[in-house]
Structures are given as C-alpha cells and as structure tokens.
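Novice: No letters, just coordinates:
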C-alpha cells in the first residue's frame, strides 16, 4: 500500500486525514479573492482571502489573526457524505 492509499482510507474511527500544504507569503501569494486558510506568526489559523487590489489579507472566520500572516493554504476538499 502506498502513501496516497493510506491517506485515502478512513482511520478506525471513520476520520479521513487531511494534508495541508502551507505556502510562505515570502515565496508566493495566493490568487486574489479566493477563500483560503491563513496562518499567523502567533500561531492563529483563520479562513480568509488575499485581496490583491487592497494589498492585504481579509479574514472571515475565526478571529485569531491580525496583520502577521506568514503562510496560506488552499482549503481542503470537503468530505464525501
């Protein structure tokens, strides 16, 4: 069994693990206006977007980030129900 097959199979408790690939903002910025996960220097995680025209991130949920976003990631695929 390869690593992808292990990830695609639910664990004993029915939970399917999710791998998140964080991208440093110093390496690449996300496309403007798309919903993403944000990670801050203080360790906070939020859902938001990069607003290119304004030159900053906006967060929509989990008010845990101020202006110190260091990484971003695409949202994972939703679960199959």
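Specialist: Nice, I can see it. Predicted model only: the values in this text are computed from it and were never measured.

Novice: Run a quick neighbour tally on residue 42.
Specialist: As a burial measure, residue 42 scores 10 neighbours (other Cβ atoms under 10 Å). To be clear about C-beta, it is placed using only N, CA and C from the backbone, and glycine gets the same treatment.

Novice: That one and residue 68, how far apart?
Specialist: The gap separating residue 42 from residue 68 is 6 Å, by Cβ to Cβ, to the nearest Å.

Novice: In this structure, where is pLDDT below threshold?
Specialist: Along the chain, the parts satisfying pLDDT under 70 run over 1-14, 16, 60-67, 81.

Novice: rerun that using 90 as the cut-off
Specialist: 1-20, 33, 40-69, 76-81 (pLDDT under 90).

Novice: Break down this protein into its helices, ranges please.
Specialist: Under the criterion DSSP state H, the chain carries helices at the ranges 3-8.

Novice: Was I right to think residue 51 contacts residue 33?
Specialist: Yes. Contact criterion Cβ atoms under 8 Å: residue 51 and residue 33 qualify, at 6.8 Å.

Novice: Cross-check the contact I'm expecting between residue 38 and residue 58.
Specialist: No. Here residue 38 lies out of contact with residue 58, judged by Cβ under 8 Å, at a distance of 9.3 Å.

Novice: Now for the two: what residues contact both?
Specialist: Both residue 38 and residue 58 are contacted by residue 48, under the criterion Cβ atoms under 8 Å, 6 or more residues apart in numbering.
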